[in-house]
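> Next come a sequence and a model predicted from it.
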Amino acid sequence: MNDGTVTLPWLVVRQDDNGNRYRVGRYATRAEAQKIADSLDSRGHKQLYWVERIGQNGTSVG
């Protein structure tokens, strides 16, 4: 990228007990995002964590 910006296309998303979803963070690689999601998930809370890719238009893909 010529403008010096970093692309962070991978999101970690959390869903709480009430079904509310929150973005936890954005990451450069799927592996990095999955490592964070796995770490958070292993804490034993009722929340769900997963990884999503952000499309070029800024919306979640998959």
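The structure has been received and is ready for your questions. Numbers count the residues shown, from 1 in each chain.
> What is the host helix or strand of residue 26 packed up against?
Using DSSP states H and E, residue 26 sits in strand 21-27. Applying 3 or more CB pairs under 8 Å, 6 or more residues apart in numbering; DSSP states H and E, one finds that strand 21-27 contacts strand 10-15, helix 30-41. Glycine gets a C-beta too; all of them are placed from N, C-alpha and C.
> Each with direction, which strands does it pair with?
Strand 21-27 pairs in its sheet with strand 10-15 (antiparallel), by DSSP bridges.
> List the contacts of the strand it pairs with.
Around strand 10-15, the neighbours that count as contacts under CB atoms under 8 Å, 6 or more residues apart in numbering are 21-30, 32-33, 36-37, 40, 47-54, 60.
> could you give the mean pLDDT of the strand holding residue 26?
Mean per-residue pLDDT for strand 21-27: 96.
> Give the buried residues for that strand.
24, 27 (16 or more other CB atoms under 10 Å).
> Could you export it as CSV, keeping only the C-alpha atoms?
Extracted C-alpha coordinates of strand 21-27, given in CSV (Å, rounded to 0.1, in the frame of the first residue of the first chain):
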residue,chain,number,x,y,z
ARG,A,21,-22.6,-9.0,19.1
TYR,A,22,-19.5,-6.8,19.6
ARG,A,23,-16.3,-6.4,17.6
VAL,A,24,-13.4,-7.3,19.9
GLY,A,25,-10.5,-6.4,17.5
ARG,A,26,-9.2,-6.3,14.0
TYR,A,27,-6.2,-8.2,12.9
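> and the angle for it with helix 30-41?
On the basis of axes from the mean of the first three to the mean of the last three CA atoms, to 10 degrees, strand 21-27 is oriented at 140 degrees to helix 30-41.
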